[in-house]
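Novice: Okay, predicted coordinates and the sequence, questions at the end:
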Amino acid sequence: MRKTIEKNAQLLALFAVACTALIAFVNFLTQDKIIEQEQQQLISTLSSIIEPSSHDNSISQTCIILEDEQLGELPQKAYLATNNNSPVAAAITTTAPDGYNGNIFLLVAINFDGTLSGVRAIKHQETPGLGDKVELRKSQWILSFNGKKILDENDHRWAVAKDGGMFDQFTGATITPRAVVNAVKRTTNYFNQHKAELFNTAPNCSENAEIK
Amino acid sequence: MESVIERIDKGLFWKFHGGIHPPQMKFLTSDKPILQLPLPEKLVIPIQQHIGEAGEVIVNVGDDVVKGQPLTRSTLPISVPIHAPTSGKITAIENATIAHPSGLEELCIKLIPDGKDTWCERTICPEYQQLSKAEIIEKICNAGISGMGGAGFPTHIKVGTTAQINYLIINASECEPYITADDLLIKEHSSAILDGINILDHLLEPAFILIGIEDNKPEAIKALQNATQGIDKIKVCVLPTQYPVGGEKQLIMALTGTEVPSGVLPTSLGIVMQNIATCFAIADAVIHDTPLIKRVVTVSGQALEKPQNVWALLGTPVEFLLNECGYPQQEKKHIIMGGPMMGFSLPNNQVPIVKTTNCILAPSEAEIPNDNQEVECIRCGQCAEVCPSQLLPQELQWSAKAKDHQQLDTLNLFDCIECGACAYVCPSHIPLVHYYRVAKAEIRQQQLLDLKAEKAKVRFEARKLRLEREKLAREAKHKKAAEARKARMNSGTPEANNEKSAVAAALARVKAKKAQASAEPTNSANPSDDASSEKKSQVAAAIARAKAKKLAAKDNNSIAEKPPAEINPVIIDEKIEEKQTLDPAEAKKAKIAAAIEKAKAKKLTTEAKSSTSSEIKTETVTAPSPADAKKAKIAAAVAKAKAKKQQAEQKKEIQLSANEDITSSIKDEPIAEAVTDKKARIAAAVAKAKAKKQQTESK
Amino acid sequence: MKLSDEYKELTWQGLWKNNPGLVQLLGLCPLLAVTSTVTNALGLGLATMFVLICSNATVSAIQQWVPKEIRIPIFVLIIAAFVTCVQLLMNAFTYGLYQSLGIFLPLIVTNCAIIGRAEAYASKNPLKQASFDGFMMGLGFLLVLIVLGGIREILGQGTLFDGADLLLGEWASVLRVEVFQLDNQFLLAILPPGAFIAMGFLIAAKNKIDAKLAEKAPKKANVEIERVRVNFDS
Amino acid sequence: MAYWIASSPHNHLQSKTSALMRLVIYATIPGILTQWYFFGWGNIIHISLAIATALLTEFTVLSLREKKVSEQLFDGSAILTAVLLGISLPALAPWWISVIGSIFAIAIVKQLYGGIGLNPFNPAMAGYVMLLISFPVQMTSWQPPLELMSVPLDFINTLSVIFTNFTYDGYSVEQLRTHIDGHTMATPLDTVKTNLTLGLTITESMNNIVIGEYVGIGWQSLNLAFLIGGVFLLFKKAIPLVTPLSFLGSLFVCSFIAFLISPDSNASTLFHWFNGACMLGAFFILTDPVSGATSIKGRIIFGALAGFLVFIIRKFGGYPDAVAFAVLLCNMSAPLIDQYTRPRTYGHK
Amino acid sequence: MSIIIAILVIGVIGLFFGALLGFASIKFKVEGDPLAEQLDALLPQTQCGQCGYPGCKPYAEAVANGEAINKCAPGGDDTIKKIADLMGVEVQPLDGNHETDNTPKVAFIIEEDCIGCTKCIQACPVDAIIGATKQMHTVIIDECTGCDLCVAPCPVDCIEMRPINQTTRNWQWDLNSIPVVQLDATSQEKEV
């Protein structure tokens, strides 16, 4: 009996060690590449909403953590773009809590002057075919934010058309665009209020910067 | 119990689940008196007309019987006799279609009435109270009374119960459409029925007697009320008309509010139920000593010109009744025995009336159309709503179609009383009851098969064990014998030398015999000459004879027939005689027992005699006493069986030598031919067997 | 059996007769979840195939040293190791696809097709055959994935090979075929219920073809069977 | 001359499945007429389209399955499915919506499971749900009642909209849906749900023009008409009483409790009863025997569960109306309900 | 370093579970094969050997070890279905090499032809034939499983397999089999 137990234990341990070693080996081979890939992904997203030529720093590296109720679920991150150490734009992650079907995670890029540089929906669970038009893959709607500016804190134009605003809702759905518009508006307001201090904060994100 | 009676006195009853209200159709026959019919031309009396076992036939073909004479004798407790319904001659006792849904044939006694209607001797006994209970029960049994409501359970068993009876329920509800037999019987014979009820009261001593009757028979209710006036014990309970209130369990529920648990007889709840027609028969049997030979049958249906109730002798073919009631000739006939809800179609009009037949229904096409198209079940659940047993008919139906016996069991298939209410209401026209019947039959069959398989398994295992044991014993014996022989041979004694030479000689003899056997068939006629060779040739000859017989049967002028058939049978006959003289005391019936004994003996001897053929031979030859000789013969036969392949060749030789001139001792040729011949013979044997069958048929 | 026959049989078994997706119905979870486009299907299919070949080969190679009590844990270990490797590799080299496959990549570990083959075939057969079996089973699975992905992609989006660049690199974006332009996506095809329905139709089609084949196949002559005498052996 | 052999019982109640189906179809007529009165020709066109498609599909599948075509084709079940589907569609949905819906309902939901009697789901509702999740835009494009419409809609115009998306005069569906005050139309249920997410109270929502007095214009009468049809069926004993009763009762209890707890965020019971497909569901969908529970106890549970689910989904779910989803969920649980509500057989404990 | 720790931890876990499994395999060892027993209970116990195994039990054991489930001719499709249910495999049609006719039969010895050779007695797997050498044999019908193993060994072909008679007791409610009497000789087909 003891012999069987010993034999089984040793064999299983041997295989366990061998398999783990194999994984470790592959991991060793790929880890640099993986980090590189993730960075690349982040950079490509960021560069799609902040013109790469407008700044000279590495925005994906210039990341700060934000804690403010206005941005929805905490903590959020801000990626800062500077040119010659003068602020150019910031990309802020934010959450629209009032989507039709839960939170909508957004990345909002705002130029230093308060105009919107670009908005992307990063993650959402909106109804397929209706609310999912916030995705750039499905609809161009999200691009309608480009170049828009908020005039004062209660700018009435910042609403969907149904509520008398300047943003079209898309066919069949009002809740999703309304939620997105509101979230972008809130974020821009936040940015306008805090932009000075944002650009004075030192980058404090952990190394593996990744957009949720 | 008192509350039950109080409720009944107030005219309140319990409600059982479900139930339906099919069109009554009783007006067709309910207002005409019961008709007395002339004697039919012939009667066909099935020997079993009730649940249980058939009795033993005690008359022979050609016997003259008188009216009321018993035709069978009950051999078991659960069996009742049948009686001659009129005087006449037994013309046949043979299979005929019986009153059963299957339309199968079973043993019936055919009686041609002589028209005299002579009664057998009867002893009228109006003072039944003076008889003991056992005597009355015996009278009921001897009168052949079984339940006349439908199931046909022998009445003497039901009334012979020793249990404490609270309620005797008399079932007069007659809930099936069309049937008015009980209704009319009550109207016309309420006093006789009361006598019957009193006899039952005397036997069972119940606390109360409840007569359950549906409210659609006002005249019968009145007749019963008049008859039972002044008897407090008897309550006439007028129930609302609803099918199937006449079901045993449903009636008990409706009257007493008691549910009979599944698989339990009402008797154990202190309830006994009897049909009203049975009461009448009991009165007839006990008081007038009249066995059950006739009954009221409702002959109804709109295809008939004059539907009415008739007094029909048991055994009367349906055709006779229908003709009496004016059944027109028509293309498609649909004759139902029983009511429209639970009756069964008859395959022909020669089916006889039996004790349980209360109705013959001949509906017109419009009345009961036969174009019902079954469509898929839509799970409407109406069937479950009407089921008096609170089953789930639609689920049962699926499981029945899927042959899911386990599920059928969980759904309590066997609690289905086959009343047909579910199929009646089914909008998809699914013959639900039929599916259940098939499923029930399958399950019963499966249970039998399982039992049989279990038994077979046990026997197989036992046999394997035995064979194993015998094999071991044989091996041990072989080993022992071989060792002993070896020891003796090695001892160098003269005996050992003798033995060696004996073995050698034996072997030589075997070889020689193979060659000689064919050359000496005539010699083998002398049994004392060489016992072993004689036996070999006997078996060979027997086989040859069998073959020859087939050949002969096929072709009478066969040449092969004569020599072996003449020479060898003599020997075989002698042998058989010899055996019989050995055991003259053994009766013919005990033969099988003897055979088993012999088989056992054989096994013993197999062990004893299975070493080598030489040993067998010596022993066989030296066996002096006849008893030993017998044993030895069996043993030898076994040994011979082993050598059968070789013998097959010998057999061939015998045949050949018999065909040709015996004296010509050609040995090589047949052996050489044997192999090719054998194949040919197998083919021939097949052909012969076929030919034989043909011949026996033509004969 | 000749060796080539054996390989033929393995091919036939893996691709058609005993197809892990259509017949064994193994690995339904990834099968149904990721086949919304051909690209996803191809990616997961290739990953599964790779793991299947590797695990079959390894299991076959080590069969003689593995006692039966710890057989399953060892198989699982091997499969998990290979899956993790694949995951790491895809993470490194096809990042987009890695993201779009999401949880279903690590879920290959629980794909019963893999452990099923390891247990049923690889652990009893030599290395070469086992690897080949892994290849064919993987290919069978891959084909089902692709067909299902194709059906769903066409019905749902009217395209084929949408996002092929995620798997195969930039050049592959030319592979994208716009079969027809839809005003509205047929969402059912993209959602999991549509996957079930499409899968049902695939299986039905396979059974129908089998039935047709069986009809066409010449009836085998009745061979008289050898009756075993229950008695003469004891 | 020959003898008939049949198994008992020999007589039979002269009712037929097809007659039952026909009765249910007749009972939808008041509802259809009301729909026509308030919303125009759209639904009648869709019903006709759905019936034609359903019959064609049924015919094709039955022929493929080598079944007796004539018998099953006209047993009324396919027509009933098509009628119920047609009733539930938005009046101005494009023509292919009803075609795809009835093909799916008949071919996949009904026939692939084995045809009439064997489908576990209500075909009409399964078809509706399939359409709803596949084509949410078209399936939520409800049209305002005729009296609130800015563009008059006659038969030709409706036909034109259904087949070409535009009226004769070139108005699109979108334009048609925009009613007098310039707001796009949604059903009362949808309006209330949207308003709730905007933080409005129920009372404020009730002031919306489409809702009218407490319940939606048209919708109230429509539900009333289905209620009448349902009562007719009850009267004819074509459907069991307990299912609609327990459904409406359960919906009443749920919505009433919710209303008591928070009248601002919960609509009244009447609103729940007389909006959406409530009465249609109660009397025509849930009472479908094939996909429902069979025993009386089972039907009570079935109806109550449906009522509860309708409330839950209307309150918390992603889509404004919930009857179709609730019905499908209940269909799924019907076998389980049946399993646990088996009646006690006579003579068994 | 973290990798080494990971490898070590996994190794220790492997060691532990290997030991556990080794222990369990000895502790919970199952004697015999319960599956074979269950299968045996499903087989008809005719012991006919048509499946190629000497008896039902050996076939049950073979099936438990992967033999095809469709070789039991006397059991027919019903038995195959039951075995398939038990084994969780798909139902297959009866092996084409077997006869599909499995109506219950019993052996019958044509007594005038019997020579008393006892060969059938030896062949019978359930000892359902009685008799002795040179004595006429007979079949105990209740014990006969209908395996027809006794037919082939008989040297004089005197054993026949006869179907069991149908009576009202074993009737299966097959209405179509009811013979309908044609009263009119000129009428056409039987109508049922």
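Specialist: Cool, the structure landed.
Novice: how close does the residue nearest to residue A:159 when sequence neighbours are not counted sit to chain B?
Specialist: Spatial nearest neighbour of residue A:159, excluding adjacent residues (Cβ to Cβ, 6 or more residues apart in numbering or on different chains): residue A:165 at 2.7 Å. C-beta coordinates here come from the backbone N, C-alpha and C atoms, glycine included. Computed as Cβ to the nearest Cβ, to the nearest Å, the residue A:165 to chain B distance reads 53 Å.
Novice: which ones are touching residue A:165?
Specialist: A:156, A:157, A:158, A:159, A:181 (Cβ atoms under 8 Å, 6 or more residues apart in numbering or on different chains).
Novice: Correct me if wrong, but it is in a strand.
Specialist: No. Read with DSSP: H, G, I helix; E, B strand; the rest coil, residue A:165 is coil and lies in no strand.
Novice: State the pLDDT value of it.
Specialist: Residue A:165 carries a pLDDT score of 73 in this model.
Novice: Low-confidence stretches in the chain?
Specialist: Chain wasn't specified; assuming chain A. Where chain A drops to pLDDT under 70, the residues are A:1, A:72-74, A:128-130, A:162-164, A:169-173, A:206-212.
Novice: hm, I was asking about chain D
Specialist: Checking chain D against pLDDT under 70 turns up D:1-2, D:150-151, D:178-186, D:197-199, D:207-217.
Novice: what number of residues lie near residue B:183?
Specialist: Residue B:183 has 26 neighbours, counted by other Cβ atoms under 10 Å in any protein chain shown.
Novice: how far is the strand or helix carrying it from where the chain is centred?
Specialist: Secondary structure from DSSP states H and E places residue B:183 in helix B:181-204. Relative to its parent chain, helix B:181-204 has a centroid offset of 34 Å by Cα atoms, centre = their mean, to the nearest Å.
Novice: try stretch B:7-17
Specialist: Worked out by Cα atoms, centre = their mean, stretch B:7-17 lies 43 Å from the chain centre.
Novice: ok, now stretch E:108-126?
Specialist: For stretch E:108-126, the distance to the chain centre is 23 Å (Cα atoms, centre = their mean).
Novice: Look up how far chain B lies from the nearest residue to residue D:280 once chain neighbours are set aside.
Specialist: Among residues not flanking residue D:280 along the chain, residue D:226 sits closest, at 4.8 Å (Cβ to Cβ, 6+ apart). The spacing between residue D:226 and chain B, counted by Cβ to the nearest Cβ, is 21 Å.
Novice: SS state for residue D:226?
Specialist: Secondary structure for residue D:226, judged by three-state DSSP, is helix.
Novice: dump the residue contacts of the residue sitting nearest the centre point of chain C.
Specialist: Centroid-nearest residue in chain C: residue C:141, 1.8 Å away (criterion: Cα atoms, centre = their mean). Residues near residue C:141 by Cβ under 8 Å, 6+ apart: C:19, C:20, C:21, C:27, C:31, C:45, C:48, C:49, C:52, C:113.
Novice: Can you classify it by secondary structure?
Specialist: Residue C:141 falls in the helix class when you classify it by three-state DSSP.
Novice: and it, what pLDDT?
Specialist: At residue C:141, the model reports a pLDDT of 91.
Novice: List the residues that contact the residue lying closest to residue B:370 once chain neighbours are set aside.
Specialist: Nearest residue to residue B:370, sequence neighbours excluded (Cβ to Cβ, 6+ apart): residue D:4, at 5.4 Å. When contacts are counted by Cβ under 8 Å, 6+ apart, residue D:4 touches B:332, B:333, B:334, B:345, B:370, E:191.
Novice: same deal with residue A:199?
Specialist: Listed by Cβ under 8 Å, 6+ apart, the contact set of residue A:199 reads A:80, A:82, A:87, A:90.
Novice: got it, and residue D:88?
Specialist: D:124, D:125, D:128, D:277, D:280, D:324.
Novice: Out of these, give me the one that has the most neighbours.
Specialist: residue D:124 (31 neighbours).
Novice: helices and strands around the helix or strand harbouring that residue, which ones?
Specialist: Here residue D:124, judged by DSSP H and E, is contained in helix D:123-134. The helices and strands touching helix D:123-134, judged by 3 or more Cβ pairs under 8 Å, 6 or more residues apart in numbering or on different chains; DSSP states H and E, are helix C:187-190, helix D:77-88, helix D:95-103, helix D:136-139, helix D:323-340.
Novice: then stretch D:55-73 to CSV, C-alphas only?
Specialist: Extracted in CSV, the C-alpha atoms of stretch D:55-73 (Å, rounded to 0.1, in the frame of the first residue of the first chain):
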residue,chain,number,x,y,z
LEU,D,55,-49.7,28.0,-43.5
LEU,D,56,-47.0,27.9,-46.2
THR,D,57,-44.4,27.0,-43.7
GLU,D,58,-46.6,24.4,-42.0
PHE,D,59,-47.3,22.9,-45.4
THR,D,60,-43.7,22.7,-46.4
VAL,D,61,-42.5,21.3,-43.1
LEU,D,62,-45.3,18.7,-42.9
SER,D,63,-44.5,17.6,-46.5
LEU,D,64,-40.8,17.3,-45.6
ARG,D,65,-41.7,15.3,-42.6
GLU,D,66,-44.0,13.1,-44.6
LYS,D,67,-47.0,13.7,-42.4
LYS,D,68,-50.6,13.9,-43.3
VAL,D,69,-50.7,17.5,-44.6
SER,D,70,-54.4,18.2,-45.0
GLU,D,71,-55.3,17.1,-41.5
GLN,D,72,-52.8,19.1,-39.6
LEU,D,73,-52.6,22.1,-41.8
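Novice: Which single residue in the stretch 451-600 of chain B comes nearest to chain C?
Specialist: In the stretch 451-600 of chain B, the residue that lies nearest chain C is residue B:467 (4.7 Å; Cβ to the nearest Cβ).
Novice: The stretch 301-450 of chain B too?
Specialist: residue B:449 (19.4 Å).
Novice: biggest helix in chain B by residues?
Specialist: Longest helix in chain B by number of residues, with DSSP state H as the criterion: helix B:432-490.
Novice: Give the other helices and strands that that helix contacts.
Specialist: Contact partners of helix B:432-490 among helices and strands, from 3+ Cβ pairs under 8 Å, 6+ apart: helix B:393-401, helix B:405-410, helix B:421-425, helix B:494-519, helix B:591-609.
Novice: hmm, back to that, helices - which of the contacts of residue A:165 land there?
Specialist: Judged by DSSP H, the subset of these located in helices is residue A:181.
Novice: are any of the contacts of residue A:165 buried, and which?
Specialist: Of the members of the contacts of residue A:165, the ones counted as buried by neighbours, 16 or more other Cβ atoms under 10 Å in any protein chain shown, are A:158, A:159, A:181.
Novice: Where among the helices and strands packed on helix B:432-490 is average confidence lowest?
Specialist: Mean pLDDT across those is lowest at helix B:591-609; the value there is a mean of 52.
Novice: re the thing from before, just list the residues touching the nearest residue to the residue of the stretch 301-450 of chain B closest to chain C once chain neighbours are set aside, thanks.
Specialist: Closest residue in space to residue B:449, ignoring its immediate chain neighbours: residue E:44 at 7.1 Å, by Cβ to Cβ, 6+ apart. Taking Cβ under 8 Å, 6+ apart as the criterion, residue E:44 is in contact with B:449, B:453, E:56, E:72, E:74, E:75, E:79, E:145.
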